[in-house]
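> Next one to model:
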Amino acid sequence: MGNGETRVRGLAARAGGWSARHRWAAVGIWVLFVVLAMGLGSAAGRVDVKDSDQLKGETHTAARIIEDAGIEEPASETVLIQAKGEGLRATDPEFRDAVAAVVRAVGKTGEVTDVTSPYDAKTISKDGRSALVQFDMRGESDTAGERVEPVLKAVEDVQREYGSLRIEEIGGASMMKTFDDAFGDDFKKAEYSAVPVALGILLIAFGALVAALLPVALAVTAIMATMGLMGVVSHVMPMSETANSVMLLVGLAVGVDYCLFYLRREREEREAGRDAQTALRIAAATSGRAIVVSGVTVCVAMAGMLFTGLAEFEAMGLASLMVVAVAMVGSVTVLPALLSLLGERVEKGRIPFLRRRKRGAGQDSRFWTAVLRRVLARPVVSVVVAAGALLAIAAPALGMKTQQLTLDQEFGDSLPIVQTYNRLNEAFPGGSEPAEVVVKADDINAPEVQSALADFRARAISSGASRGPVEIRLHDAQDVAFVYVPLVGGSDLDQAGVSLDKLRDEVRPATLGRVDGVEAPITGQVAGSKDFNDQLAGAVVPVFAFVVVFAFALMLLSFRSLTIAVTSIALNLLSVGAAYGILVGVFQHGWGASLVGAEGVGAIITWLPLFLFVILFGLSMDYHVFVVSRIREARLRGMETKDAIRHGVVTTAGVVTSAAVIMVAVFAIFGTLSMQSMKQMGVGLAAAVLIDATIIRGVLLPAVMALLGERNWYLPKWLHRLPDLTHDETPQAIAGPAARDDEGEPVRV
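Numbers count the residues shown, from 1 in each chain. The predicted structure follows:
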C-alpha cells in the first residue's frame with residue numbers, strides 16, 4: 001500500500017477497507033440482502049407461538065389437552081346486574097325484569113350463544129344485590145373483540161331503561177375491544193414516534209440532514225431485514241407480536257448507536273486533518289472493532305433468553321439477537337461504503353440554526369474534562385461516593401416482588417371496564433378470573449368420573465378454596481370437561497394463589513386424582529401466573545450464569561486483560577442493580593411514581609427483571625467497549641494510563657452522550673403508555689441507560705481504572721495462550737508507523 005499505509009489486522013478493518021474500495025458492490029449487496037430477506041419472510045409467513053407452547057407445567061398440559069381435542073374455547077362474556085342502593089334484591093320484580101331484558105337483548109344480536117340466567121345458574125351474590133348473566137360469543141375467540149360491539153350496545157340500551165341498577169358487561173371479547181380501542185393506537189404511535197425522535201436528536205448532534213439520516217437509515221433497513229428473517233426462522237422457532245416490538249426497540253437503539261460511533265470517529269479524524277480515505281480506515285479499525293466486540297457481546301446476552309424455556313422469551317431473545325447481528329454487519333460493511341461514496345457530501349443539508357462546532361485535537365468536551373479532572377484527582381473518593389450512591393439506589397431491589405399484574409394494577413381506574421372488574425370481584429370473589437380445571441378421561445360420562453366431578457365441586461367450596469358457584473361444562477364427544485372455580489382471593493393474586501394450592505394439593509388428589517386414567521391439570525390466570533413465576537425462577541441462575549460467563553470471556557479475549565474483564569462485569573451488574581432499585585422504588589413502593597405518570601402497584605411484572613437484565617447487560621456493553629477501546633488505543637500510542645483514561649473518556653463523551661440521549665428518549669416513549677407493565681419497561685430501560693452513560697462511564701469507570709493503574713492491563717502468564725483477538729487499533733498503526741515509547745520500543749498493552 002502507498003503513502004506509508006500498513007496492512008492492519010482485524011475483521012472490522014478488513015471489511016471496512018473492502019467496502020470502501022468496492023463501494024457500489026457493498027451497497028448493492030446490502031440492498032439485495034434486505035430485499036431478499038423481506039421477500040422470503042413475506043413468502044414464508046410468520047408462525048406465532050401457540051398457547052400450548054407458552055408455558056410448561058400444568059398450564060401447558062391443559063392447553064395441550066384442549067388443542068389435541070380440537071376444542072375451540074369461545075370468548076365468554078358476563079353481564080353484571082347490581083343494585084345501586086340497598087333497596088333492590090335479585091328476587092324483586094324490577095331486578096327480574098332487568099335480567100330478562102338483558103337475556104333478550106343479547107340473544108337478539110345473533111352474536112352470542114348459551115345465554116344463562118342467574119336464576120338457573122345460581123350466579124347470585126350472597127347479599128342478593130348482584131347477579132350474573134353469562135354467555136359465549138359465536139366464532140373464534142381471537143376475533144371476538146371485533147364482533148362484540150352490537151352486544152355491548154344492547155347491554156347499554158338495557159342500562160338506560162333501569163336507572164336503579166348498574167348493568168355492565170365484561171369478558172374476554174369486551175376487554176379485547178376496550179384495550180384495542182384505548183391502547184392499540186397508543187402502541188403504534190409509540191413505535192412510529194421512535195424514529196422521528198431519534199432523527200431529531202441526531203440532527204442536533206450532527207447539524208446536517210445527511211449525516212443524521214445515515215444512522216436512521218441503517219437501523220430501519222436492519223429492522224426491515226430482520227422482520228423478514230423472523231418469518232423464515234419462525235417455522236423453526238415460533239415468534240410473537242411482543243418479540244416484534246422488542247426487536248424494533250433493540251434494533252433502533254443498537255443500529256443508531258453503531259452507526260453513530262462509526263460516523264463520529266470518521267468525522268473526528270477528518271477534522272484532525274486526515275484525508276477522507278485515511279479517516280475512513282481509522283474509523284473502520286477503531287470504532288468498527290468496538291462495534292464488532294459490542295455486537296457479539298450483545299448477541300451473547302440476548303442468547304441468554306433462549307435458556308428460559310419460555311416460548312415468549314425465546315422468541316424475544318432470538319429476534320433481538322438477529323437484529324443486533326444484522327445491524328452490526330451493516331455498520332462495518334455498507335456504512336463505510338456509503339461514507340466513501342458521500343465523502344464531504346455527508347455534511348449536506350446543514351441546519352442553519354445548528355452550527356457545527358469545529359473540534360480540533362485539543363478541544364474535547366469541557367463538561368467531561370472538568371468532571372474527569374476531579375475524578376482522577378480523587379479516585380478513591382469518587383469510587384466510594386459513586387458506588388455508594390448506586391448501591392443505595394439498588395437497595396430496594398432486595399425486596400422486589402414479582403407477579404402478573406391484574407387488570408386494576410395494569411390500568412388503574414382509567415377505564416370503566418376496570419371498575420366493572422373490581423365490582424365483579426367484590427361481589428363474586430374470583431369470578432372474573434376463575435381457575436379452570438381441564439378434565440380428560442377415557443369416558444367423561446362414566447359413573448366414577450361424574451361422581452369425582454361432583455365431589456370436586458363440593459370439596460372446592462368446603463375446603464375454603466372457593467365460595468362458588470362452580471360450573472361444569474361437558475364436551476362429550478371429546479371426553480373432556482371444563483370445571484370453572486372462582487378462587488377465594490379474587491384479584492389479590494397472593495390470596496388466590498393459596499386457594500389454587502388447595503385445589504391442586506388437597507381437593508384434586510382427594511377427588512379426580514382417585515380415578516384411573518383421568519388427567520386434571522388446573523389452568524387460568526392465577527395458575528398461569530404461578531407456573532410462569534416457577535419456571536422463570538428456575539431459569540434465572542442459568543441465564544445469569546450464561547450471560548455473565550460469556551460476556552467475561554469476550555471481554556478477556558477482546559482486551560487481553562483479566563482486570564478489564566472483571567471490572568466490566570462488576571460495573572454492568574451495578575448498573576443493572578440500580579435499575580432494579582429504581583423500578584422497585586417507583587412501581588412497587590410508589591416513590592415518585594406520579595413524576596412518571598405511574599402508580600405504586602405493589603409489584604413488578606414477572607417477566608421484566610430477567611428481560612431487563614439481558615437487555616441492559618447487552619446494551620450497556622455498547623458504551624463500555626467503546627470507551628475502553630478508546631482508552632486502550634491511547635495507551636497503545638504511549639500515553640500514561642491516567643492520561644489515556646482522560647483522553648478516552650473526554651473524546652468519547654460526545655458520541656456516548658448522543659447515543660445515550662437517543663436510547664433514553666426511545667425507551668422513555670414506552671414509559672408514556674398507559675399500561676403499567678409498559679411504563680415499568682420504559683422507565684427501567686431509560687433509567688439504566690442514563691445511569692450507565694453518566695455515573696458508570698463518566699465517574700466509576702475512570703476512577704476504578706485510575707486506582708488500578710498499570711494493573712488494568714494485567715493478564716496472568718497462564719492465560720497468554722488464549723487466542724489474541726486484539727489488533728492494530730491506533731491511527732498511527734493504520735496511517736503510519738507504529739507507536740513507540742521514549743526508548744524507541746513499540747508500546748504494547
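> doesn't Pro352 fall inside a helix?
No: counting by DSSP: H, G, I helix; E, B strand; the rest coil, Pro352 is not part of a helix but coil.
> burial count for it?
By the other CB atoms under 10 Å criterion, the neighbourhood of Pro352 contains 6 residues. All C-beta spots, glycine's among them, are computed from the backbone N, C-alpha and C.
> Could I get the pLDDT score of it?
Looking at Pro352, its pLDDT reads 71.
> Just after the longest helix along the chain, pick out the following helix or strand.
When the chain is parsed with DSSP state H, its longest helix is helix 525-559. Counting by DSSP states H and E, the element after helix 525-559 in chain order, helix or strand, is helix 562-583.
> which helices and strands does that following helix pack with?
For helix 562-583, the packing partners by 3 or more CB pairs under 8 Å, 6 or more residues apart in numbering; DSSP states H and E come out as helix 379-394, helix 525-559, helix 608-636, helix 676-691, helix 701-708.
> could the ones you listed go into a markdown table alongside mean pLDDT and distance to His647?
Shown next, in a markdown table, are these (pLDDT from 0 to 100; distance: least, CB to CB, whole Å):
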| stretch | mean pLDDT | distance to His647 |
| --- | --- | --- |
| helix 379-394 | 94 | 16 |
| helix 525-559 | 85 | 17 |
| helix 608-636 | 84 | 4 |
| helix 676-691 | 87 | 24 |
| helix 701-708 | 93 | 11 |
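> Out of the ones you listed, which gets nearest to Ile66?
For Ile66, the closest of the helices and strands packed on helix 562-583 is helix 525-559, at 13.6 Å, according to CB to CB.
> Could I get the full set of strands for this structure?
Using DSSP state E, the strands found in the chain span residues 76-83, 112-116, 130-137, 165-171, 402-403, 435-440, 471-475, 480-485, 522-523, 604-605.
> right, so of these, which gets closest to Arg350?
Among those, strand 604-605 comes nearest to Arg350, with 45.3 Å by CB to CB.
> So what's the model's average confidence on that closest one?
Mean per-residue pLDDT for strand 604-605: 86.
> hmm, back to that, buried stuff in the longest helix of the chain?
Neighbour-count burial for helix 525-559, with 16 or more other CB atoms under 10 Å as criterion, is recorded at 525-533, 535-536, 539, 543-544, 546-548, 550-551, 554-559.
> and Asp494, what does it touch?
With contact taken as CB atoms under 8 Å, 6 or more residues apart in numbering, Asp494 is in contact with Gln403.
> pLDDT score for it?
For Asp494, pLDDT reads 76.
> cool, and Glu168?
So Glu168 comes in at 92 (pLDDT).
> cool, the one 4 residues further on as well?
At Gly172, the model reports a pLDDT of 83.
> hang on, it packs against Ser141?
Yes: with contact defined as CB atoms under 8 Å, Gly172 and Ser141 form a contacting pair (6.4 Å).
> Looking at the two now, which is surrounded by more residues?
Each of Gly172 and Ser141 has its neighbours counted (other CB under 10 Å); Gly172 has more, 20 against 16.
> Run through the residues that contact the closest residue to the more buried one other than its chain neighbours.
Leaving aside its sequence neighbours, Gly172 sits nearest to Ala75 (CB to CB, 6 or more residues apart in numbering; 4.0 Å). Going by CB under 8 Å, 6+ apart, Ala75 touches Asp136, Met137, Ser141, Ala144, Gly145, Val148, Gly171, Gly172, Ala173, Met176.
> What's the local residue count around the fifth one?
Using other CB under 10 Å, Gly145 has 20 neighbouring residues.
> Fine by me, we can end here.
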